[in-house]
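Undergrad: Would you be able to build a 3D model of this:
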Amino acid sequence: MSRILAVGSKESLSRLSETDSGIVPLQLIRFEAVPVCFPDGEFDWVFFGSRRGVRFFLNGIPADALRGMSVGCVGEKTAAAARGEGLKVKFVPSRYSSTYWPEEFLAKFPNARGILFPTSDRSAFEIPKSFVKKGISFRKLVVYRTLCADTEFPAGEFRGVVFASPSCFKCFLEKWGKDKLSGKILVAIGDVTAEAIMETGLSCSIPDRFTMADAVRHCRKKIGTI
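TA: Have a look, this model is predicted:
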């Protein structure tokens, strides 16, 4: 069986099968909280891009800070984390894409005034152009820091690499360079991760569902076609 390198955080890699010898987990990023200062402004929505965003944001703000605000999440797992913290989730897109969910959101909530987006210090997500046209205020709020983990490169050959986030890919390049990925099948979890990879001149593909397990299955299918 061709080996696949799964590059992610401890959280994302924990959902992989421990008995599958064809998957080599590589924990390449870690997270730490930063002080959260709830910004002034007309925000009627808070939109979470990850379960980490939910956790670090809620741990850093007063309990009543979200009073009167609606909650949106990029996917059902993030929404489940928000609901687990007692939040009522009003919007989850039918499919997550950095270019798709803003349009679906505006179609359902055209009168939104401002969106707060808790995220990491390395987030590459920018305000959608459609929000700018509508005059919607969009603010990224850093609630945690993403750091490269002190990890050794695993021994042995591998045919494919799955990257869980742009941060994972950037940490990989910082540690080992682009040549390590030459001739490998690359799979990105999400549009933003794919953009980070393709900006370096490498090619990659995206699975239909944005989970580590689905990305590994997708990578295996790609390997099987070459």
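
Undergrad: could you pull out the strands for the chain?
TA: Ranges of strands in the chain, per DSSP state E, are 4-9, 23-33, 45-48, 70-73, 89-91, 114-120, 137-148, 160-163, 185-188.

Undergrad: Which among those strands is found nearest to Ala194?
TA: strand 185-188 (3.9 Å; Cβ to Cβ). (Each C-beta comes from the backbone N, C-alpha and C, glycine too.)

Undergrad: Touching that closest one from outside, list them.
TA: For strand 185-188, contacts defined as Cβ atoms under 8 Å, 6 or more residues apart in numbering pick out 159-163, 169, 194, 196-197, 202-207, 215-216, 218-219, 222-223, 226.

Undergrad: cutoff 6 Å now
TA: Residues from elsewhere that reach strand 185-188 (Cβ atoms under 6 Å, 6 or more residues apart in numbering): 160-163, 194, 197, 204-206, 215, 218-219, 222-223.

Undergrad: for stretch 132-147, same thing?
TA: Contacts for stretch 132-147 (Cβ under 6 Å, 6+ apart): 29-34, 36, 39, 41, 56-57, 60, 112, 114-122, 127, 131, 167.

Undergrad: Any chance of a PyMOL selection covering the buried ones in these?
TA: Typed into PyMOL, the next command selects the buried ones out of the contacts of stretch 132-147 (criterion: 16 or more other Cβ atoms under 10 Å):
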select buried, resi 29+31+36+56+57+60+112+114+115+116+117+118+119+120+122+131+167
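
Undergrad: From Pro110, how far out is the residue most central in space within the chain?
TA: The centroid of the chain falls nearest to Ser165 when counting by Cα atoms, centre = their mean (5.4 Å). According to Cβ to Cβ, to the nearest Å, Ser165 and Pro110 sit 31 Å apart.

Undergrad: Can you get me a residue count around the nearest residue to the residue nearest to the centre of the chain once chain neighbours are set aside?
TA: Among residues not flanking Ser165 along the chain, Thr193 sits closest, at 5.6 Å (Cβ to Cβ, 6 or more residues apart in numbering). The number of residues packed near Thr193 is 26, by other Cβ atoms under 10 Å.

Undergrad: Could you do Met69 as well?
TA: 15.

Undergrad: again, but for Glu126
TA: Counted with other Cβ under 10 Å, residues neighbouring Glu126 total 12.

Undergrad: ok, back up a step: dump the strands of the chain into CSV; add distance to Arg15 and mean pLDDT as well.
TA: Formatted as CSV, the strands of the chain follow (distance: least, Cβ to Cβ, whole Å; pLDDT from 0 to 100):
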stretch, distance to Arg15, mean pLDDT
strand 4-9, 9, 95
strand 23-33, 10, 94
strand 45-48, 19, 95
strand 70-73, 18, 96
strand 89-91, 21, 97
strand 114-120, 20, 94
strand 137-148, 19, 94
strand 160-163, 12, 97
strand 185-188, 16, 98
